[in-house]
Structure formats: C-alpha cells, structure tokens
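In: After the sequence you'll find the predicted model.
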Amino acid sequence: MLSRVAERLYWSARYLERVENTARLVSVYDDLMFDLPKNIEDSWYSLIEILSGEDTFEQRYKVKDERNVVKFLLADDTNPNSMLSSLKMVRENIRTTRDVVPKETWELVNELDLYAQQNIKQGINRSNRHLFLNTIIEGCQKIIGLLAGTMSRDAGWHFIIMGRYLERADMGTRILDAAVSLMLNSEPETRIQLGNVTWAKVLKSQSAYLDYRRTVRTSINGAKATTFLLNDPNFPRSLEYCFQQLVSAAQKLPRSNDITKQIEKVMAFQYPLPSSEALNEDFHDHLNSIQLTIIEINGKITENWFQFQQGDAA
Amino acid sequence: MEKLTSQYPSSDFYDELIDNEGNPRPPAKQLLGYLDSLSEEELEHKRTTAEATIKEMGISFTVYSDEGNIDRAWPFDIVPRTIKASDWKVAEAGLKQRLTALNMFIDDLYHDQNVIKDGIIPEHIITDSKNFRPECIGVSPAYGVWAHICGTDLVRDENGDFFVLEDNLRVPSGVSYMLENRAITKRVLPELFENDSILPVNSYTAQLFDSLASLSPRDIENPEIVVLTPGIYNSAYFEHAFLAQQMGTELVEGSDLFVDTDDCVYMKTINGPERVDVIYRRIDDLFIDPEAFDPESVLGVAGLMRAWKKGNVALANAPGAGVADDKVVYAYVPEIIRYYLNEEPILNNVETYLCDDPEQRAYVIENLDKLVVKPANESGGYGMLVGPHSTKKEQALFAELITKNPRNYIAQPTLKLSTAATLISKTSLEPRHLDLRPFIIQAKDTYVTTGGLTRVAMKKGSLVVNSSQGGGSKDTWIVETEGE
C-alpha cells in the first residue's frame, strides 16, 4: 500500500470518528442541560474547553452562549475541527482513496455530507437538534458498518482501525476529563445531585449506559463509571479496548514494534480509583498524560509509515 | 398527457431516435414506446432519480474558472441514444483499422520514417509538430504500439454515416463517464434492460487491465500496474480514481514514485519501495519527467524517460504518441491507412483544409463564415472558430492568427451533425446535436468499447458538446434489432 494512501485512510477514519464524537458530545450536552438542577451552573462553553478550542472560538465570537458554541462546534468553517469541517476532510480523504475502499463508501460519505450541509440549521436551532445529530451519528455508523461488512482486512483496513481508535481514545479521555472538571468545580453541597446526572450522561454519551448496567451491576458513581470507561476490556469505546485495537492493528503492519511496545506500556498501568474522591487533580493530570501519549503515538505512526524517506525503508 | 414523441419537430438533420415522419427508428422503438407510456409524474420521477443517483455516486467533473475549480455534478439526459448493432459493427472495424495504422505510423516516425521517404507526408509537418518528441527516436515499445488507449471522436452526418472528427492519442478521458452513464440508466430505466438486446459495456476495465499487464517488461505473473494522476485538482481526477479502483491497481501521484540508480521505477509503500512495471499515465508528455522535459513540473517523476528508454517500465500511452493526433496529421490519415495496411479506410474523414497549403489557406480565409477552424494541437474545444456562429471581429482575428502561423490551423466545413431526442422540459423532447467518443485499446490485441461516450450540446442549435462548455451526456445503447 502506498504511504500516501495509508495516511489518507488513517485520517479519513480519524475525521469520521471526530464527526460522530462531536455529534455525540453536543447531543448529550443538550440532554444534560435539560436535566441539570436549576441551581447548578454550567455553561455550553465548557464544550469548547473539552475540545481545546478556546483560542479559535474567541477569535470568532464574543458571546459564549449556546448558539455560538453549537454553531462553532457543528458548522463553523473557520474551526478546522467543526463537524462540517471534519466531514469535508473525510470527503477529501476518501475522494483521493476511493480506489482502495468499497465503492459505496464514497456514495455514503457524499450522502452524509450533503445531508449535513443541507440541514445544518436544524443542528444549530434547538427544536430539531436531537433528530439531526442522531441522523449524523447513524450516517457515520452506516459507513463504519459498510467498511466492516465489505472491506478486506488488508493494510488499508488496519490504518482505518488505528485512525478510528486513536481518535476515539482521544475524545473519550477528553469527555472524562470534562466530567471530572465539572465535578471538581461544583459546590460541595450540590455535588451528589450533580454526580447522579453527570455520570449517567457521560455513560450515555458513549452508548455505554446499558453495558455498564449489565457489566458493573451497581448504581452509577464517578469512580465506577470512570473505571468502566477506562478499563473495560470488552466495551468498544473504553480506553482499554481502543488501545487493544491499536496494538492488534499495528502488529499486522511492518515495523510496528516500537509503537506496540509504547501502547502496551500505557495499558499496563492502571490508575487506582477506589472511590469518587480519587477523581481529583491528580487524576486530571493522569488524563492529561494519556492525552500526551496519544499525540506521541500519532507522531510515531506518521513517522513509521507515512513520512517515507527515499531508500530508508528498504 | 399527450404522448412525448407526438410533437417532435422534423429537421434537416439526421435524428438518431425519431425519423422525419415522426416514427421511432428500429433500435429506439422499444425505448420510445416505453417513454410514451409514462405519465408526467413518472417521467419527472425518473429524472429526479437520475439526479439523485449522480449526486450519491459523486459523479462529478471539475471546471476551471477564475473563481477556482468547481466540482459540478455530471450533466446527464435520461433518454439514451440508440445505435443499430449492425451500424456499430462497421464503425468498430473502422476504428480498429484506424488505430492499427496510426500505431504503425508512429512507430515508423520514431524509426526509419519510411512514410516521409516515400512521400506520403511532408517532412516539415512532422518536424514542426508540437507533439513530435525527438527524445523518443529509436525507442521500441512492446508490439510496436505507442498509443495504447485512444478516444476517437465520431459524428454522424445528415445520412447517418459515421465520420471521424478527431483522434485523441495522448490522454483521452471520458471512459469512466461512459460506464457511469450506463450505471445511472440501469437505475433509472431498469424495465428496459429486461430484454437482452442492449449490449453491455462493462468489460472495458478488465480489457484495459489485461492490455496494460501485457506491456510489462518483466515476465511475472502479477506485474505492478499503476495509474499516474496529476492529482485531485485535475479535471479528470474522478476518472483516474475510478479506473484505478475498477482495475484494482494503485492510483499514484508523481511524488509516490521515484527512479532509483538502477533506472527502475519504484513506488513508496508502507513496506518500502516496490518496483513498478506498467504506468498508465494520465499526465501530458511534457510533465512526466522534469529531468527530460519541463524542469518546473512537480507532477512527474525525475528519470522516468530514462527508465522507459531502457525498457524497465512501460508507459501507456507512450511519450510521443501525440504526434499522430495533430489535426494536420489527421488530414493524412486516409493515406496513412492505405500506405501501411494496403486497405481502403472504412471510416470517413471529415473534409479538411490545411492552412499550411497556400491555396487551401486562401480558400479558408475567404470562407471563414462557413467553416470551423481548429488549432492543430488543442483539445477540449478550446481556441476554435465556429464560422456560422461567429462575428466579423472574430473572423478577422482568426484570419490574422492563420496568416501568422498557418501550420497550426486547419478548417473543416460545418457538418450537419446528427441529433437525438433529449428531454428538455418536463414534458418535451427536442432534438439536440451530439457526438460519440468510443475508446479503443491496443496492446497485444485490439479492443473497442461497445458504443462509447455520447456528449450532447444541451443548448438549442449548439454544436459544442464539451462538458466544460455546457455540454451534457447520454447513455449509448448499441441495440440488436429484430432480424439482425
């Protein structure tokens, strides 16, 4: 497989995952805002913080209200990570690699891109937002399903898997971090009430609510929900699972030793979370270090397979 | 509603679907009967289905403009063009004959030049051609074939006879649209495919693959074949990607390839460098190798000509093949066929005046308002003068251009191009002019597509079919009629 093609497949999967995760995030936040007790203050702006988009946002908008935040995350073309920008990148990357993915991929990507562009107002206004975002998520899953059902498990597939799970690991840890910050910044007297709402929503944002119920079989609290999302070996959006997928995809590609060793090292360490008290500043730092590792892994993937120097891979 | 075909106007042109009495021609009989049976709503539904299909399939082409490159949806008319299978067989034989002779001609030009020595074509026509490449002299590509993929433009006159308008031997495009047109039509008019009389078109990519594989310099079971594209911003990128995908080959850009010190071509893969055997290049000669041609080119691969001349890689089409699609050379093609094959040409040429010849030039300049003037080496319909549709000012400009550089211009009488019924509004069929681009592949064997890409001038009376200039397209049906 051409290095350039591998790189584009990897990024198309990353961007597709980003589209889905952005839709999930806005959708669950929307829902959360309805359910939060009136006396708890939180703002849409924390979504911008979760996604590290403060600088770009502030260049563009003065008012940090719901409309601007949602517009920035879903529609803004000056935000390179907005849902529409990400979709555009999926389209551009698939457009230039359509010869190695199932033929229908291009059609589905186009369909999704057209739908998103034509209906973006529904995402920005509140009344139809839920339906709009759900359709986007379904569109992403349709593409993932198409690939799963019809794409050969060749090198291209492994690059798609690496892109998808690295992006998912990235967003998963960001969402956890956001929930932890929300709890840490709240007044102690409202914390229990807030926790009930927040952790259930975090699980739901990852479609993990029912799996948590079946697997953990106790009531929901911060420590348990976080442990599940970090360490569950079977749930396909847990950090553990994402890393497993990264390792097994990398192992099927040439010269992957360095990368798999690094991921395995991160996986070997399990942060102790005996109770929700442990979701403190130290844990926040731990999540930060995972984020840095994710950036490093991306760098290694790029260096190892994409940035080919003439002669040196022979 | 009134029958679609009942108001169809008759004209001086040959309409390929409906004759002058308003009756369907035999290969269109079933098609028109079916269209007549549809209600206005059903017809409109067909049209919107086609539009939606084109969008979903992402069939697009790129138009260059001052505001940047625009990706436009493929303009498509749902009414297919029908051609009788027996008529097509003759054209097919003519196309094979023509390309065989042209390849012998090109091979001769880069070796002994007997065609010049024997006085068939004047030497300066060749040496002055922008597309003659002295770098290619003495090179012997496999089977003596230089133009492996050819897109010949055919038109039909007022009697329905086929004429060759031009030969495209450099990097002809359009074949993917031919295939996609059929895919769209199958979704829009599935009922009509139930009988077997419409011949299939889908073997093209398999034929292309086999032909390219037969060019491999290494005698191995799975030669590495790649499609070389200038990249995403090229107007035919859609097609490059389509062909690579259909053949299961890599779609590469210049930066994916390099020529090593062993003068072999390699591509950069996740496993390291891999040797490339055959390159189906969709980049013009002058950009394929900055070392041999344009040093500014970033599209090509340095050293590619070196590797090709050493026989380490096959290039399709071979560099220098374009010398035979010079429009001045075109005028000599009937003679070329007689010279190399000792046969009479099966397909007619359009009468052509060479401005290079003083007498013919004088005639052309006097009759600019009646003629079509074409530059010898342009494609895509650019730089032309369509006499009857031109202003005095444009004619004066062309008179000047021709006088300055006579070798670069030819002129042809305006043809009475055939028409076909085209769906113009929701309920009306109108005749529109069209041409046909079949594709011919030559390597070890010769193959011609079943029909080709039909392009339609969507504007009433217009003769310009290029999609970059408002042309549309139709599916092309080669139909076996009863009694054949």
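Out: All right, it came through fine.
In: all helices in chain B, in order from the N-terminus.
Out: For chain B, helices defined by DSSP state H occupy the ranges B:29-37, B:40-57, B:85-109, B:114-117, B:123-127, B:175-188, B:204-213, B:237-247, B:304-309, B:327-341, B:358-366, B:392-404.
In: show me the contacts for whatever residue of the stretch 301-450 of chain B ends up closest to chain A.
Out: Ranked by CB to the nearest CB, the top residue of the stretch 301-450 of chain B for proximity to chain A is residue B:302, at 11.1 Å. For the C-beta atoms, the positions are set from N, CA and C on the backbone; glycine is no exception. Residues in contact with residue B:302, defined by CB atoms under 8 Å, 6 or more residues apart in numbering or on different chains, are B:258, B:259, B:289, B:290, B:291.
In: List phi and psi for it.
Out: Taking degrees, to the nearest 10, you get phi -60, psi 130 for the backbone angles of residue B:302.
In: Can you lay out the helices of chain B as JSON lines showing mean neighbour count, mean pLDDT and distance to residue A:105?
Out: Output for the helices of chain B, formatted as JSON lines (neighbours: other CB atoms under 10 Å in any protein chain shown; pLDDT from 0 to 100; distance: least, CB to CB, whole Å):
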{"stretch": "helix B:29-37", "mean neighbour count": "17", "mean pLDDT": "93", "distance to residue A:105": "33"}
{"stretch": "helix B:40-57", "mean neighbour count": "15", "mean pLDDT": "90", "distance to residue A:105": "12"}
{"stretch": "helix B:85-109", "mean neighbour count": "20", "mean pLDDT": "97", "distance to residue A:105": "35"}
{"stretch": "helix B:114-117", "mean neighbour count": "15", "mean pLDDT": "97", "distance to residue A:105": "50"}
{"stretch": "helix B:123-127", "mean neighbour count": "14", "mean pLDDT": "91", "distance to residue A:105": "48"}
{"stretch": "helix B:175-188", "mean neighbour count": "21", "mean pLDDT": "93", "distance to residue A:105": "16"}
{"stretch": "helix B:204-213", "mean neighbour count": "20", "mean pLDDT": "96", "distance to residue A:105": "18"}
{"stretch": "helix B:237-247", "mean neighbour count": "23", "mean pLDDT": "89", "distance to residue A:105": "10"}
{"stretch": "helix B:304-309", "mean neighbour count": "22", "mean pLDDT": "97", "distance to residue A:105": "32"}
{"stretch": "helix B:327-341", "mean neighbour count": "20", "mean pLDDT": "95", "distance to residue A:105": "42"}
{"stretch": "helix B:358-366", "mean neighbour count": "15", "mean pLDDT": "94", "distance to residue A:105": "53"}
{"stretch": "helix B:392-404", "mean neighbour count": "14", "mean pLDDT": "92", "distance to residue A:105": "47"}
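In: and the stretch 51-200 of chain A, which residues reach chain B?
Out: With the criterion set to CB under 8 Å from any CB of the partner chain, the stretch 51-200 of chain A comes near chain B through A:92, A:95-96, A:98-100, A:103, A:106-107, A:110-111, A:114, A:155.
In: Okay, now the unreliable bits of the chain?
Out: Since no chain was named, I'll use chain A. The model of chain A has pLDDT under 70 over residues A:37-42, A:308-314.
In: The chain in question should be chain B.
Out: Along chain B, segments meeting pLDDT under 70 span B:1-2, B:62-70, B:195-196, B:379-381, B:483-484.
In: Could you spell out which stretches of it belong to which domain?
Out: Per the record's domain assignment (automatic domain parsing), chain B is made up of the domains B:86-149+B:197-341, B:351-413.
In: what sits against whichever residue of the stretch 51-200 of chain A sits closest to chain B?
Out: Using CB to the nearest CB, the closest approach of the stretch 51-200 of chain A to chain B is made by residue A:99 at 3.5 Å. Contacts here follow CB under 8 Å, 6+ apart; on that basis residue A:99 touches B:241, B:242, B:244, B:245, B:249, B:250, B:251.
In: residues from the stretch 51-200 of chain B in reach of chain A?
Out: So the stretch 51-200 of chain B meets chain A at B:55, B:56, B:57, B:58 (CB under 8 Å from any CB).
In: switch to 10 Å and redo it
Out: Near chain A, the residues belonging to the stretch 51-200 of chain B are B:52, B:53, B:55, B:56, B:57, B:58, B:59, B:60, B:71 when assessed by CB under 10 Å from any CB of the partner chain.
In: Go ahead and confirm the fourth one touches residue A:104.
Out: To tie it back to what came earlier, the one meant is residue B:56. Yes: in this structure, residue B:56 sits in contact with residue A:104. The criterion is CB atoms under 10 Å, and the distance is 9.4 Å.
In: what residues are shared contacts of those two?
Out: Contact criterion CB atoms under 10 Å, 6 or more residues apart in numbering or on different chains; residues shared by residue B:56 and residue A:104: residue A:111.
In: mind putting the contacts of residue A:99 in CSV, distance to residue B:120 included?
Out: Compiled in CSV, those are given as follows (distance: CB to CB, whole Å):
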residue, distance to residue B:120
B:241, 41
B:242, 39
B:244, 39
B:245, 43
B:249, 39
B:250, 41
B:251, 40
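In: ok, and of these, which contact chain A?
Out: Subset of the contacts of residue A:99 in contact with chain A: B:241, B:242, B:244, B:245, B:249, B:250, B:251, counting by CB under 10 Å from any CB.
In: Looking at those residues, which is nearest residue B:24?
Out: Of all the ones next to chain A among the contacts of residue A:99, residue B:24 sits closest to residue B:242, with 33.2 Å by CB to CB.
In: Just list the residues touching the spatially closest residue to that closest one that is not a sequence neighbour, thanks.
Out: Closest residue to residue B:242 in three dimensions, ignoring its sequence neighbours and counting by CB to CB, 6 or more residues apart in numbering or on different chains: residue B:176, at 4.1 Å. Contact analysis of residue B:176 by CB under 10 Å, 6+ apart lists B:59, B:61, B:204-205, B:236, B:238-243, B:245-246, B:453.
In: Between those residues, which sits nearest chain A?
Out: Relative to chain A, and with distances defined as CB to the nearest CB, the nearest of the contacts of residue B:176 is residue B:245, at 3.5 Å.
In: which SS state does the closest residue to that closest one other than its chain neighbours fall under?
Out: With CB to CB, 6+ apart as the measure, residue A:99 is the residue that lies nearest to residue B:245, at 3.5 Å, once sequence neighbours are left out. Here residue A:99 takes the coil state, with states given by DSSP: H, G, I helix; E, B strand; the rest coil.
In: Okay, residue A:99 and residue B:183: tell me how far apart.
Out: Noted for residue A:99: a distance of 17 Å to residue B:183, by CB to CB, to the nearest Å.
In: Surely residue B:301 and residue B:288 touch.
Out: Yes: under the criterion of CB under 10 Å, residue B:301 is in contact with residue B:288, at a separation of 7.0 Å.
In: just to revisit the earlier point, for the residue nearest to residue B:245, grab phi and psi.
Out: The phi/psi pair for residue A:99 (degrees, to the nearest 10) is phi -80, psi -10.
In: Out of the residues of the stretch 51-200 of chain A next to chain B, which sit inside helices?
Out: Residues from those lying in helices, with DSSP H as the criterion: A:92, A:95, A:103, A:106, A:107, A:110, A:111, A:114, A:155.
In: which ones are touching the nearest residue to the last one once chain neighbours are set aside?
Out: It refers to residue A:155. When the adjacent residues along the chain are set aside, residue A:155 lies closest to residue A:1, with 4.3 Å between them (CB to CB, 6+ apart). By CB under 10 Å, 6+ apart, the residues touching residue A:1 are A:9, A:97, A:100, A:154-156, A:158-159, A:253, A:305, B:250, B:267, B:269-271, B:274.
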